[in-house]
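# return atomic coordinates for the entry below.
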Amino acid sequence: MLTVLHSADLYTPRSLGSKSLVLGGGRVLWIGDERPQLPAALVAEEIDLGGARVIPGLVDLHAHPTGGGGEAGPETRVPAPGLSSYTRYGITSVVGLLGTDAETRNMASLLAEVRALRRAGLGAWCYTGGYHLPPCTLTGSLRGDIVNLEEVIGVGELALSDFRSSQPTLDELLRVASEAQVGGMLTGKAGLLHLHMGDGPRGLELVRSALETSELPAHLFHPTHVNRREPLLEEAFELTRQGCSIDLTAFPVGPDEEGFTADDALARFLDAGLAAERVSVSSDSGGCLPVFDAQGELTHMDVGSGAYLAQALGNLFKSGRSPEQFLPAFTSNPAHLAKLPGRGVLDPGSMADLVVLGADASIQSVMAAGRWHLRAGVVQVQGPFETSSYPA
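Here you go, the predicted structure:
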C-alpha cells in the first residue's frame with residue numbers, strides 16, 4: 001500500500017520547490033511536479049501538506065542508546081532513552097556509543113539497544129569501544145567488532161584532552177586508528193574514529209600529530225564536541241582544511257558558559273567559507289552533560305536530548321539562511337560520512353525517512369521507513385516501556 005504526499009515544499013536537502021511524493025515499502029518511490037494518477041486500491045493514505053516544508057529525517061552520529069553518565073556514582077547513570085525520544089525530534093537514523101562508563105554498560109548491551117531501535121523502524125548502528133583504552137569490545141578487538149558485527153561502523157567515542165580519558169599516547173591513537181581504518185576497508189563500512197574532545201588545553205594536538213606522522217587518511221578522524229570552547233572550535237575548523245570532518249554537539253549554553261550552541265557554531269563554520277560537506281551536528285541524546293570544578297568534582301549535570309538538535313535546526317531556519325546551506329549538516333553530511341546509503345536524503349529509492357515542519361520550523365510530523373512515528377505533534381509509536389507523558 002502506498003502513501004502519497006502532495007504540495008510538499010521539498011528539500012532533499014537540496015530545494016526542489018513544490019512536489020508530490022509516492023512512498024511504499026519503506027522507500028521513496030517517486031517524486032514529481034504533478035499529482036500521480038494511481039489506482040485507489042493501491043493508496044492507503046493521501047495527504048495534502050499545503051506547502052509545508054519537508055526535509056529528510058535527521059541523521060544523528062552521536063547518541064547513547066544505553067544511557068550515559070555515572071561520573072558521580074551509580075545514581076547518576078542516565079536511563080536509556082526511549083524510542084520516541086529520537087523520533088519526536090526528527091531523528092530517524094542514529095549511531096550509538098558508549099562513553100565514560102563501559103563497565104556497567106558494554107558492547108553487548110549497546111548492540112541490544114541498537115537492535116531494538118532497528119526493530120522499531122529506525123536506522124540504527126553503533127561504534128565499538130568507548131572513552132578508554134584498552135577498549136571495550138565484544139569479539140576481542142576493535143577490528144573484529146567492525147568486521148564481524150553488522151551494526152558496528154567504526155570506533156568511538158575515544159576520549160582525548162579530558163581528565164576522564166586514558167591519556168592515550170600518539171602511538172596508542174595511531175594503533176586504534178589503524179584498527180578502524182582496516183576494519184572499514186575489509187567491510188566497506190565507514191571505519192570512522194569518532195573522538196570525544198574534552199576541554200583540556202591540548203585540544204586536537206594528538207590528531208594533528210597523527211596526520212603529520214602517519215599515512216592514515218584525514219577523513220578517518222572525526223572529533224566531536226568541538227564547539228565546547230572557542231580555541232577548540234577554531235582548531236577544528238583548521239583541521240577541516242586538511243580533510244577531516246568535525247561534529248558539533250547540540251547542547252544548551254548558558255550566558256556565563258564557555259562554548260557555542262550548535263547553530264551558532266555551524267553559522268561560524270559556514271561564514272568562514274570552509275568545506276560545507278565536512279561538518280555535522282549531533283544530539284548526544286541520553287548522554288550526561290556534566291560540569292566539573294577545578295578539582296574534577298561534578299557540580300551539576302544536564303542530559304543530552306534530541307530536543308536541542310531540533311532547537312538548533314529551528315534556530316537556523318529562523319535565522320534567514322538558505323536551508324540548502326545548513327540542512328546537509330543534519331542530514332546528508334553525516335549519512336555520507338558514516339556510509340549510510342539511502343539515509344539523510346529524499347530521492348527515488350532512498351528510505352522513506354522524512355520530517356514535516358511547521359510554519360515556525362518546529363517538528364510536526366516524522367516518518368521513519370514509511371511509518372508515521374509523529375503526526376501533528378502527537379507521538380504515534382512508542383517503545384514498549386515508554387509512558388504516554390513527554391516533557392516539552
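
# residues contacting the residue lying closest to residue 165 once chain neighbours are set aside?
Excluding the flanking residues, the one nearest residue 165 by C-beta to C-beta, 6 or more residues apart in numbering is residue 159, at 3.5 Å. In this view, the C-beta of every residue, glycine as well, is placed from N, C-alpha and C. Listed by C-beta atoms under 8 Å, 6 or more residues apart in numbering, the contact set of residue 159 reads 100, 131-132, 165-166, 195-196, 198.

# same deal with residue 331?
Going by C-beta under 8 Å, 6+ apart, residue 331 touches 13, 55-59, 344-345.

# and if we set it to 6 Å?
Applying C-beta atoms under 6 Å, 6 or more residues apart in numbering, we find residue 331 in contact with 13, 56, 59, 344.

# okay, and the most centrally placed residue in the chain sits in which element?
Residue closest to the average C-alpha location in the chain (C-alpha atoms, centre = their mean): residue 60, at 1.5 Å. Following DSSP states H and E, one finds residue 60 within strand 58-63.

# for the stretch 151-300 of the chain, which spans come out with low pLDDT?
For the stretch 151-300 of the chain, applying pLDDT under 70 flags the ranges 290-300.

# for it, which segments count as helices?
Ranges of helices in the stretch 151-300 of the chain, per DSSP state H, counting those that start in this stretch, are 170-187, 205-213, 230-240, 262-271.

# for residue 20, find the nearest of those.
For residue 20, the closest of the helices of the stretch 151-300 of the chain is helix 262-271, at 30.9 Å, according to C-beta to C-beta.

# buried residues in that closest one?
Residues of helix 262-271 classed as buried by neighbour count (16 or more other C-beta atoms under 10 Å): 262-270.

# rewinding a little: for the contacts of residue 159, which one is nearest residue 283?
For those, the residue nearest residue 283 by C-beta to C-beta is residue 196; the value is 14.4 Å.

# just to check, that closest one is in contact with residue 157?
Yes. With contacts counted by C-beta atoms under 6 Å, residue 196 reaches residue 157, the gap being 4.0 Å.

# just checking, residue 127 touches residue 154?
Yes. At 5.1 Å, residue 127 counts as touching residue 154 under the criterion of C-beta under 6 Å.

# on the three-state scheme, residue 9 is what?
strand (DSSP: H, G, I helix; E, B strand; the rest coil).

# pretty sure it sits against residue 49.
No. Applying C-beta under 6 Å, one finds residue 9 not in contact with residue 49, separated by 8.0 Å.

# between these two, which contacts overlap?
Joint contacts of residue 9 and residue 49 (C-beta under 6 Å, 6+ apart) do not exist.

# deepest in the core, which of the helices of the stretch 151-300 of the chain is it.
helix 262-271 (a mean of 21; mean count of other C-beta atoms under 10 Å).

# list the helices and strands it packs on?
Counting contacts by 3 or more C-beta pairs under 6 Å, 6 or more residues apart in numbering; DSSP states H and E, helix 262-271 packs against strand 246-249, helix 306-318.

# tabulate these (CSV), appending mean neighbour count and distance to residue 141.
As requested, the helices and strands packed on helix 262-271 are exported to CSV (neighbours: other C-beta atoms under 10 Å; distance: least, C-beta to C-beta, whole Å):
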stretch, mean neighbour count, distance to residue 141
strand 246-249, 28, 25
helix 306-318, 22, 32
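
# any chance of TSV for the ones you listed, columns distance to residue 364?
Listed next are these as TSV, based on distance: least, C-beta to C-beta, whole Å:
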stretch	distance to residue 364
strand 246-249	24
helix 306-318	11
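
# domain-wise, how is this structure divided?
Recorded structural domains for the chain (assignment: automatic domain parsing) are 2-55+345-379, 57-337.

# between those domains, which one is closest to residue 386.
Of all these, it is domain 57-337 that lies closest to residue 386, at 4.1 Å by C-beta to C-beta.

# centre of the chain to that closest one, how far?
Distance of domain 57-337 from the chain centroid (C-alpha atoms, centre = their mean, to the nearest Å) equals 8 Å.

# ends of it, what's the gap?
Taking C-alpha to C-alpha, to the nearest Å, domain 57-337 runs 16 Å from one end to the other.

# that older thread, tell me which other helices or strands the strand holding residue 60 touches.
Secondary elements touching strand 58-63 (3+ C-beta pairs under 6 Å, 6+ apart): strand 91-96, strand 279-282, helix 332-337.

# looking at the ones you listed, which is nearest to residue 147?
Closest to residue 147 of the helices and strands packed on strand 58-63 is strand 91-96 (C-beta to C-beta; 17.6 Å).

# excluding its backbone neighbours, what's nearest residue 25?
Nearest residue to residue 25, sequence neighbours excluded (C-beta to C-beta, 6+ apart): residue 370, at 6.9 Å.
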